[in-house]
Each structure stands twice: as C-alpha cells, then as structure tokens.
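[1] my questions are about this predicted structure, shown below with the sequence.
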Amino acid sequence: MIEVHANGCQFADVDALRRIVLARRSVRRFLSNPIPEGILENVLAITQRAPTGYNLQGWIAIIVTDSEVKSKLRKAAFNQRQVEDAPAVVVFATDTHVARNFESTAAHALDLGHWSESYVKYLRRIVNAVFGREFFGIGNFIRWAGTRSLSFFRPMPMVPFGDAGFAGYGWKQSSLAAQTFMLAASAHGLDTCPMEGIDERWVRKAVGLPGNYTIPMIIPIGFAPEPAKLSPRFPPEKIFHRDCYGTVFNGIGSLIV
Ligand SMILES: Cc1cc2nc3c(=O)[nH]c(=O)nc-3n(C[C@H](O)[C@H](O)[C@H](O)COP(=O)(O)O)c2cc1C
C-alpha cells in the first residue's frame, strides 16, 4: 500500500516498515549458508543512503568474509561466536578527521547543482571552525573552550573536543548507517547482531584500518537457524515526553501485543 502525502510525496508502505523493524532482532547464532549473490550488495546500496552531518559521508564499512580475518575479529570481540559463524561481518568506522571530506563533498554537490557557491562558502567556514584540528589540536581546544563558555549566554555550535569528542561525533554518523544496514538486511530476510563488545584497537588491526578511524560497532550478517525471540521494550510512557521532560506523551501503542 502506498500512501500519497498532501505535499505530493509518496510514503513508503508503513506496514512493510513495521514488519521489517519487528523482524530485526539480534541473533547470536548463524548458519554457515552464504548470502546469495547480489543480496549483500543491495543491502549495502541501501545503507549508503544513511544521512551524515553536512553530508560529509566520513563513514566507511569493511565487509569481511575471509575466515582468517573473521577469526581475528572474533578474538577482538572477546570470543563472541556469532562473529566467526556468520558468513560476513561488517565493520563500521568513521574518519575522526571530520573536515577531510568537505572539499570533495562540496565539489560533488556543486557539480550536481545540489549546493550553490555561496552555500559552500558558508558551510566551509562552519565546518573548518567546528571540526578544524590545526596546530596539533590547539585551535580545536581554543574553539571548544570559547564556544562552551559563550554558550552560557547564547547558543553556540557543539565543537567536538579531543579523541573522545571526535570519536563520539564519528559514532553518531556511522551508527545511523549501521541502523540503516540492519533494517535493509531485515528487509532482505537476513539477520544481524550489532556489537559494541569489541576492543577497537584489535578490530582496527584485524582489518588494517588506520588510527584516524573510530569503530562504533561491528555487525555480523547472515541467516539465523530460527527466528530470535522479540526482545522487550519499556512502556512508551517511559520514553516519550511531550514538550518538556517529565510530561508523558500519551497514546502511543506498543507494536508488541
Ligand atoms: C550498540 C549496540 C551494541 C551491542 N553489542 C552487542 C554485543 O557486543 N554482543 C551481543 O551479543 N549483542 C550486542 N547488542 C545487541 C543487544 O543486546 C540487543 O540489541 C538488545 O538486547 C535488544 O535486542 P534486539 O536487538 O533483538 O531488539 C548490541 C546492541 C547495540 C545497539
């Protein structure tokens, strides 16, 4: 069923989305069956539509099918067996040098007429001010300290600071890609398991990632021997607030009956 919204855009099938979301469950056992030709490629093509801040697209994904590399990943994941059992494991990572992609993003968007010259100029100023790490990070420190102090008086951009700050920014970007990936997998009848139970340093070494990449999670993908049980969720009243913190947003039904 396709619904057409008043502004003319077509909504995708809501029932299909609900089924796909409900079918996504973390699985810890995988069959050794390979993923049929072309399916993983479709899932990855959908994954690439995930949004990123300023459209910088700083995340990458490494698709691991080699058994030796999978075995190293299993070790990096504290011996969690799903890493080695699954036919493929996807390592999501983001470049912590966030501004690096700006010029190529801008050139591409200008080429396609998606951004104007003046918008690119404006964005270049912001991106360099927020993410610049020149002079061994001294500029970053000054801008971080300055913006955090000024923000007591007026809203200021959130400047990531230090390794943890840039990793957090990067994880935000690649986590959206990871969720898109899991839903795309689910839509293709594939099972996944998001995993943060890893030592990032060991994962990086296993797949040859340079140190400027940060890894929020790895995701084994394949077929589970049987459907996993649906995990519980809090009642919606605990999660959703109306207007301000503490006022319950009522009337949300649970998908799980
Ligand atoms: C960021 C993140 C990290 C996770 N890390 C692991 C992990 O290392 N190992 C694991 O078995 N499950 C892991 N999980 C799966 C969660 O336990 C699971 O998502 C949660 O229990 C809800 O179940 P569901 O995914 O089936 O809805 C992780 C989930 C998320 C979102």
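    Right, received. Where do you want to start? Numbers count the residues shown, from 1 in each chain.
[2] give me the residues contacting the helix or strand harbouring residue 119.
    In this assignment (DSSP states H and E), residue 119 forms part of helix 117-131. Contact with helix 117-131 is made by 54, 56, 98-99, 102, 106, 109-110, 115, 143, 157-160, 169, as judged by Cβ atoms under 8 Å, 6 or more residues apart in numbering. Where C-beta positions appear, they are placed from N, C-alpha and C, glycine not excepted.
[3] go again with 7 Å.
    With contacts defined as Cβ atoms under 7 Å, 6 or more residues apart in numbering, helix 117-131 is touched by 54, 98, 99, 102, 106, 110, 143, 157, 159.
[4] can you list those residues in CSV and add pLDDT and distance to the ligand?
    Below are the contacts of helix 117-131 laid out as CSV (pLDDT from 0 to 100; distance: Cβ to the nearest ligand atom, whole Å):
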residue, pLDDT, distance to the ligand
54, 94, 24
98, 89, 21
99, 89, 26
102, 95, 28
106, 97, 31
110, 96, 36
143, 93, 30
157, 91, 26
159, 93, 25
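[5] for those residues, which one is nearest residue 199?
    residue 98 (23.6 Å; Cβ to Cβ).
[6] pull out the buried members of the contacts of helix 117-131.
    54, 98, 99, 102, 106, 143, 159 (16 or more other Cβ atoms under 10 Å).
[7] isn't residue 86 up against residue 220?
    Yes: counting by Cβ atoms under 7 Å, residue 220 is a contact partner of residue 86 at 3.4 Å.
[8] and the buried ones among the contacts of helix 117-131 as a markdown table, adding secondary structure?
    Shown next, in a markdown table, are the buried ones among the contacts of helix 117-131 (DSSP: H, G, I helix; E, B strand; the rest coil):
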| residue | secondary structure |
| --- | --- |
| 54 | helix |
| 98 | helix |
| 99 | helix |
| 102 | helix |
| 106 | helix |
| 143 | helix |
| 159 | coil |
